[in-house]
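S.K.: structure for this input, please:
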Amino acid sequence: MTVIGVVGAGVMGVGVAQNLAQYGYEVVLVDRTEEILAGARAVIARNCRMSRLMGGPALDPDAILAKITTAVGVEALGKASAVIENVTENWDVKREVHLGLDEVCPPETVIIVNTSAIPITRVAAVGKHPERVIGVHFMNPVPAKPVVEMIPGFHTSASTIERTRELLSGMGKKAVDVKDASGFVSNRVLMLTVNEAAFLVHEGVATAESVDEVFRGCFGHPMGPLETADLIGVDTILYSVEVLYEHYADSKYRPCPLLKQMTDAGLHGRKTGRGFYNYES
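M.R.: Numbering: from 1, shown residues only. Below is the predicted model:
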C-alpha cells in the first residue's frame, strides 16, 4: 500500500492524513469543497509546526504537505490501495459516501470505516463487496495516539484484516481487535461518561469546570469528560450517543438535551471556538 485515500477533511480526517504522510504514504484527501480542503491544509501545517511543542516529533510542514494531494469528491480515489473514511457519525451521510466509494474503488481496495459507534456490518452492506470493508476507530489527535480499535464486520475477509493490520503498523499504530458491536469498547464507556457529565451541567449540579476538576484531581485523568467532549466535538458526541441509543434501545444512552441544544447552536467545541469552554480569546 503506497497511495491511501482519506475521505473527510474534518478533525479526524486531517489527523489521519497527517499521520499517513508522516510515515511516508502518498495521501489523497477528499471533501466536498476546495474551501474545506484549503482549510485542512492550513490546519495540517499548523499542527506540524506545533508538533514539537506538544511533545511530538519535529515535523517539516512543507514535507508533510508535499505527500498530501487534495481533491473534491470521491471520484479521485480510484487508484488508492486503501481508503479511510472519516465523515460525521450520521448514517445518511456515511451511506451516501460508501455508495460512492463502491462505484469508484476496484474490488481489491480496502475500505476502512473510521467510526466510533456505527456497526461495520451495516456499512459494509451498502456496497457490493462487503468482504473488503473493515472498521478502525482512530483516537483524537490521531498522530499522537498509538492504539486503535480494529473491527471486522460479519463478511470482512482474512485478507482485508491482514492488509489493514499492516497499514496500521505502517502508521505506527497498534490494532486492538474488537467485535462488531455499536460503540465497540471505548465509546460504549466514554459516551456514557460524557453524556452523564453533560446532564450534571444541564441539571445545575456542577459547572463544566467543576466536573472536569473532579476527574482530573480525583482520578488522575489528564482531561475531564467535558474537555474531552470539546476536543472530539460536541456534535460528534451527540451523534455517537444517538447511534448507541438507536442500536441498543436502552434508556441509559438517552442523549442529554444540552448536547442537542449546543449542537443546534453551533457550540461544537474547539473546532468552532466554543463548546463547554470558550476558545475564541
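S.K.: now what about stretch 187-195, what contacts it?
M.R.: By Cβ atoms under 8 Å, 6 or more residues apart in numbering, the surrounding residues in contact with stretch 187-195 are 116-117, 137, 181-183, 225-226, 228-229, 237, 240-241, 244, 252-256, 259. Bear in mind the C-beta positions are built from the backbone N, C-alpha and C, glycine included.
S.K.: next: stretch 47-63.
M.R.: Judged by Cβ under 8 Å, 6+ apart, the contacts made with stretch 47-63 from elsewhere in the structure are 14, 15, 18, 22, 44, 45, 64, 141, 143, 144.
S.K.: now a ChimeraX select for only the buried ones of these.
M.R.: In ChimeraX syntax, the buried subset of those is picked out as below (16 or more other Cβ atoms under 10 Å):
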select :14,15,18,22,44,45,64,141,143
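S.K.: go through the contacts of stretch 47-63 and say which is closest to residue 123.
M.R.: Top of the list for closeness to residue 123, among the contacts of stretch 47-63 and by Cβ to Cβ, is residue 15 at 20.4 Å.
S.K.: tell me which element the closest one falls in.
M.R.: Taking DSSP states H and E as the criterion, the element that holds residue 15 is helix 11-22.
S.K.: what is that helix packed up against?
M.R.: For helix 11-22, the packing partners by 3 or more Cβ pairs under 8 Å, 6 or more residues apart in numbering; DSSP states H and E come out as strand 3-7, strand 26-31, helix 34-50, helix 61-66, strand 68-72.
S.K.: quick one: it to chain centroid distance?
M.R.: For helix 11-22, the separation from the chain centroid amounts to 10 Å (computed by Cα atoms, centre = their mean, to the nearest Å).
S.K.: and for stretch 243-253?
M.R.: Mean C-alpha position of stretch 243-253 versus that of the full chain (Cα atoms, centre = their mean) differs by 20 Å.
S.K.: try stretch 52-64
M.R.: Distance, stretch centre to chain centre, for stretch 52-64: 21 Å (Cα atoms, centre = their mean).
S.K.: before we move on, what about stretch 70-79?
M.R.: That offset, for stretch 70-79, works out to 19 Å (Cα atoms, centre = their mean).
S.K.: please enumerate residues in contact with it?
M.R.: When contacts are defined by Cβ under 8 Å, 6+ apart, stretch 70-79 is touched by residues 3, 5, 7, 9, 28-34, 37, 40-41, 69, 83, 97, 100-101, 104-106.
S.K.: what mean pLDDT does it have?
M.R.: Per-residue pLDDT over stretch 70-79 has a mean of 97.
S.K.: any buried residues in that stretch, and which?
M.R.: Taking 16+ other Cβ under 10 Å as the neighbour-count basis, stretch 70-79 is seen to contain the buried residues 70, 74, 76, 77.
S.K.: from the residues you listed, which land in strands?
M.R.: With strands taken from DSSP state E, the overlap with the buried residues of stretch 70-79 comprises residue 70.
S.K.: closest one to residue 213 out of the buried residues of stretch 70-79, please.
M.R.: Checking the buried residues of stretch 70-79 against residue 213 with Cβ to Cβ, the nearest one is residue 70 at 40.7 Å.
S.K.: helices along the stretch 101-250 of the chain, start to end?
M.R.: Secondary structure of the stretch 101-250 of the chain (DSSP state H, counting those that start in this stretch): helices at 120-124, 158-170, 186-202, 208-219, 225-232, 234-248.
S.K.: re earlier: quick one: the helix holding residue 15 to strand 3-7, angle?
M.R.: For helix 11-22 and strand 3-7, the angle between their directions (axes from the mean of the first three to the mean of the last three Cα atoms, to 10 degrees) works out to 170 degrees.
S.K.: got a markdown table for the buried residues of stretch 70-79, with distance to residue 92 too?
M.R.: As requested, the buried residues of stretch 70-79 are exported to a markdown table (distance: Cβ to Cβ, whole Å):
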| residue | distance to residue 92 |
| --- | --- |
| 70 | 25 |
| 74 | 16 |
| 76 | 23 |
| 77 | 21 |
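S.K.: between the buried residues of stretch 70-79, which sits nearest residue 220?
M.R.: Distances from residue 220 to the buried residues of stretch 70-79, taken as Cβ to Cβ, are shortest for residue 70 (40.3 Å).
S.K.: who does the closest one form a beta bridge with?
M.R.: Bridge pairing for residue 70 (DSSP bridges) gives the partners residue 29.
S.K.: with residue 26 as the reference, measure out to it.
M.R.: Going from residue 70 to residue 26 by Cβ to Cβ, to the nearest Å gives 12 Å.
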